[in-house]
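A.B. asks: Next input, structure requested:
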Amino acid sequence: MAANGVQHAFAPVLAAHNTMASGADRAQKEQAHQFLEQFQKSDEAWTMTLSMLEANNVDAAAKLFAATTLKGKIVYDLHQLPRETLPKLRETIIRNLVTFHAGPKPIRLQLCVCLANLAIQMTEWKDVLPLVLATLGTDGSTLPCVLDFLRVLPEEVTHGRKIALTETELQMRTAELIEDNAQEALNLLVQYAQSSPAAPQNPQLFNCITSWMREVPTEDIIKSPLLAVTFDALSAPEPFEAAVECVCALIAETRDVDETTQTILVLYPKVQDLRPKLAQAAAEEDTETYKGISRIFAEAGEAWCLLIARLPDQFRGLVEAILESAALDKERDAISQTFKFWYDLKQYLTLEKYTPARHQFADIYSKLVDIMIGHLEYPKPESGDEKDLFEGDREQEEKFREFRHQMGDVLKDCCEVMSVTECLQKPYNLIQAWVQTYASQAGPNHVPEWQKLEAPLFAVRAMGRMVSPDESVMLPQLIPLMVQIPDHPKVRFQAVMALGRYTEWTAQHPETLQPQLDFIMGAFEHGSKDVIRAAALSFKFFCNDCASSLVGFIEPLQQFYTKYLNVLPVSSQEEITDGVASVVTKVPLEQLYPTLKLYCDPVLQSIVALANEAKDEVAQKLLADKINLLTIYVEVVKPRVPVGQEHPAVKYCQEIFPILGNIVAHFTKSVPVLERVCRCWRYMVLSYRTAMRPLLPSLATQLVQGFEASRQGCFLWATASIVREFSAGAEEFDASLTNDVFQFYEQQAKTFLRILSDLPPEDLPDMIEDFFRLAGEMAMYYPTESISSPLMETILLAACSSLTLLKEEPIIATLHFLRDLLGYGRNLSPSSSFDHSRHEVPEQIQTRVKQLVAAAGIQLVQRIMTGMMYSFPEGSFPDASGVLLDLFELMPEQVAGWVQQTVGMLPQGSITSQESERFLNNIRQRIQTGDIRMIRTILQDFTTSYRRRNVAPREGLGRLEASRFRFSG
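C.D. replies: Numbers count the residues shown, from 1 in each chain. The predicted structure is shown next:
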């Protein structure tokens, strides 16, 4: 009856677990998930998990859940058990290990993790290893349990910060469990390895060796029989994977080559002896073995890279082995493992100190170029279908594309070790060879063996960044060859992209510009969309870098631009606009205004036409994209205009401003349109700065009215640019504008606060981010006005409300604002990007900041600590703890009291009174000793530990839930 009662008790848990694994609907699964989450943190979970493990009618999946839950209870909730019951818990876990000695393995492993975490926290248990060996190590059937325990113990101790022990306790326990047992563990593994013929074939043995690798001196492992056992296991299929991991871990321990030279001299011959296995695995198409042996060579190369550079003769064999692993890898399964080695070795070889080694390895890097270009070739489909080169294998296609760019990086490494000229010679020779062999057979729709032409073109493109603009040997031969290649879509694409990489060279060799530009511009008529996109990108680069040579062709360029602009995809429209804008910038100042009109008026006409027709989201998105083209001109065309002279670009901005204002008034609900107009206005201010003064009143009015009408944060984003550019310390600062700018900001702030009062923060994450970035700019550039403003109290409360969000960007923006504000509570102000000197903060501003903190501090502390314990994304932790530190530095005693109040409001049972007292005492001690900065670490450790233990839902926190923000201004 009692057993049935226990089973009846965990029946709801089983039902919820079965629901999670079933085809139930989403609502039912969410309900089951919530129930199980609450169960895992409950006191009842202790008895129920053990009952589930020992029950006969519970399936393996549910028992694994029980074992996992028990692990969580031991790690986070051991304080729920009386100390005197821990020996009984230990016996129960060991008993269950005996039950599951033969598996399932995941359950056995979780139980070993349970036992290891109990051992860490049960500090009175001094004979951990002897007891485990005495209870589980005497019977051969339970030896797998001992091996699993030996494997997980060092791992769990290493991650012991998640356990509620102090640093001192954890250090002492680490010494007792690991350091004092390291030699004993090594002896046990040696004994086991020699105990039977089956033992050296057991992957568990090698998992254990790997786990203890950092705890046992490397030379002790090297001198033991385990070294030979591990390398022998590389010849057996069952332990192979674990043995590879073990050898790689052993090699990693020798990265400090000066400290481990003798160990390396023992390991190196054994690693070299593996080389025949590489060719054998390649011949037998044994992918897993090939990848494993290749990995060992690559790991050895990375670890011993410094020695290779110092002693190139002795270690050349290893470099050749890594080269061979790249060469034989027909399926490209293992080649990526070598990429980091080639980069690391290049880093050493390009130092003057290792010039002799660089000369010795030049031939290897030369062969590496050949190998990489060979791997760059597209496959030839067996079906002969050129439209599907990977025969439907999309994963393989994506992998190939990714590898191509990584192999391109390796080619760049080769350029640095060899000369660029030698590297370029290789693809040039391959292109020449193709021309001699196949060019005569090529026709309009037939390019034989195009893969052999496309791969070297990709290589030329990849090397582009490494080639100096004054290269005079290969490029004068390559460029004329490339503009004559036959018209296959992939070959044309690669040639167009490659030419775009050499535009800086072309700028210094303008005699080559015309044929290249003809080739690029001709590609705009190509049937392949990819080729057209490549042409647009290359056209941009040619215009950017060769603008001085093209400025004499303003009208033909404009005709070309107008012809193709509206037929290109949006990204290509932006690229060619960027290109022609670079040429417009080179026009003499007196011709700039008419030239800008020549290029921009057709775009403006398209915008007006689209605005008249844009009724749906698709049309409005097209309108937004067209507006962005105007912004590109504003962003790129930034002439130097003498003071007092009319600014031609601002003159054009004055013409288009009313049109943009009308668009904002008409499209108050279209976020893409509003964002693009605000972006355009923002760049007007950033590009032309104080020259925009004549437009400032109109712009401020538009931003205020637009924000009120649309409630979109992009208007705040544009406002911030005015705050920065028209502030003290900016170029040509006008003090008479200070009050106008501040009133403009206050209007925006009041609108924002009204919106936040009407709607919950989770509906406004982007606007909150934009506002607090703006508020931070105001604190930085207008500190006296913004901090003294009566609005600041309300803005601080708005910040508290905003910290309830779950999204990282608005949280970080809010925290940055708080840090900027609190910085003015100290003697020296934070510095701005305009003014790197730090000024003394006036006494009244310091006092004002402290008054603000006194009024809102308790809410701030509660929100930030709650966020760190429950809801903040990980990326916001440094700034959150930084705000708390700033508060402590301003008012230590008061803030300590607020922290104590916050801890006192935590849900009952989520923290013990001893932990709470220890945390608060640590803070008090730091305040007394004046070591305030250490409080940040104490806070981070406490909140992290709390969060780990109470993986709480995002809401339902009782009294710690934030109240709704209200503003009646």
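
A.B. asks: Next up, the contacts around Pro476.
C.D. replies: Pro476 sits next to His509, Thr512 when contact means Cβ atoms under 8 Å, 6 or more residues apart in numbering. To be clear about C-beta, it is placed using only N, CA and C from the backbone, and glycine gets the same treatment.

A.B. asks: Dihedrals phi and psi, it?
C.D. replies: Per-residue torsions, Pro476: phi -60, psi -20 (degrees, to the nearest 10).

A.B. asks: now Leu828
C.D. replies: phi -110, psi 140.

A.B. asks: got it, and Trp125?
C.D. replies: Trp125 adopts backbone torsions of phi -80, psi 100, taken as degrees, to the nearest 10.

A.B. asks: Please tell me I have it right and it contacts Ala119.
C.D. replies: Yes. Between Trp125 and Ala119 there is a contact at 6.0 Å, judged by Cβ atoms under 8 Å.

A.B. asks: Need the overlap of contacts for the two.
C.D. replies: With Cβ under 8 Å, 6+ apart as the test, Trp125 and Ala119 reach no residue in common.

A.B. asks: the more surrounded of the two?
C.D. replies: More neighbours surround Ala119 than the other of Trp125 and Ala119, with 23 against 17 (other Cβ atoms under 10 Å).

A.B. asks: Per-residue pLDDT of the more buried one, please?
C.D. replies: pLDDT for Ala119: 94.

A.B. asks: so Lys73 touches Thr49, yeah?
C.D. replies: Yes. Look at Lys73 against Thr49 with Cβ under 8 Å: they come within range, at 7.1 Å.

A.B. asks: Specify which residue of these two has the higher count of neighbours.
C.D. replies: Between Lys73 and Thr49, counting by other Cβ under 10 Å, Thr49 is the more crowded of the two (25 against 22).

A.B. asks: got a list of what the more buried one touches?
C.D. replies: Ala66, Ala67, Thr69, Leu70, Lys73.

A.B. asks: Low-confidence ranges, the stretch 151-300 of the chain, go.
C.D. replies: By pLDDT under 70, the low-scoring segments of the stretch 151-300 of the chain are 160-164.

A.B. asks: if we go to 80?
C.D. replies: Along the stretch 151-300 of the chain, the parts satisfying pLDDT under 80 run over 159-167.

A.B. asks: about what we covered before: mind listing which of the contacts of Thr49 are in helices?
C.D. replies: Within these, residues falling in helices by DSSP state H are Ala66, Ala67, Thr69, Leu70, Lys73.

A.B. asks: shouldn't the first one be in contact with Leu53?
C.D. replies: Yes. In terms of Cβ under 8 Å, Ala66 counts as a neighbour of Leu53; the distance is 5.2 Å.

A.B. asks: Neighbour count: these two, which is higher?
C.D. replies: The residue with more neighbours, out of Ala66 and Leu53, is Ala66; 27 against 23, by other Cβ under 10 Å.

A.B. asks: Now the phi/psi pair for the spatially closest residue to Ile308 that is not a sequence neighbour, please.
C.D. replies: Closest residue in space to Ile308, ignoring its immediate chain neighbours: Phe315 at 4.4 Å, by Cβ to Cβ, 6 or more residues apart in numbering. When read as degrees, to the nearest 10, the backbone of Phe315 gives phi -110, psi 10.

A.B. asks: So Ser196 belongs to a strand, correct?
C.D. replies: No. Ser196: not assigned to a strand; according to DSSP: H, G, I helix; E, B strand; the rest coil it is coil.

A.B. asks: any idea how far it lies from Met474?
C.D. replies: 64 Å (Cβ to Cβ, to the nearest Å).

A.B. asks: higher neighbour count, the two?
C.D. replies: Met474 (21 against 11).

A.B. asks: Who are the contact partners of the residue nearest to the more buried one when sequence neighbours are not counted?
C.D. replies: Distances taken as Cβ to Cβ, 6+ apart put Leu424 closest to Met474, at 3.9 Å, once the chain neighbours are dropped. With contact set as Cβ under 8 Å, 6+ apart, Leu424 has these partners: Val460, Met463, Val467, Glu471, Met474, Leu475, Leu478.

A.B. asks: Could you work out the most separated pair of those?
C.D. replies: Val460 and Glu471 (12.0 Å; Cβ to Cβ).

A.B. asks: what about these two, which has more around it?
C.D. replies: Between Val460 and Glu471, counted using other Cβ under 10 Å, Val460 has the larger neighbour count: 31 against 19.

A.B. asks: Compute the distance between that one and Glu179, please.
C.D. replies: Taking Cβ to Cβ, one finds Val460 at 57 Å from Glu179.

A.B. asks: Where does the prediction get shaky in the stretch 1-150 of the chain?
C.D. replies: Using pLDDT under 80, the flagged stretches of the stretch 1-150 of the chain are 1-9, 21, 23.

A.B. asks: Sounds good, over and out.
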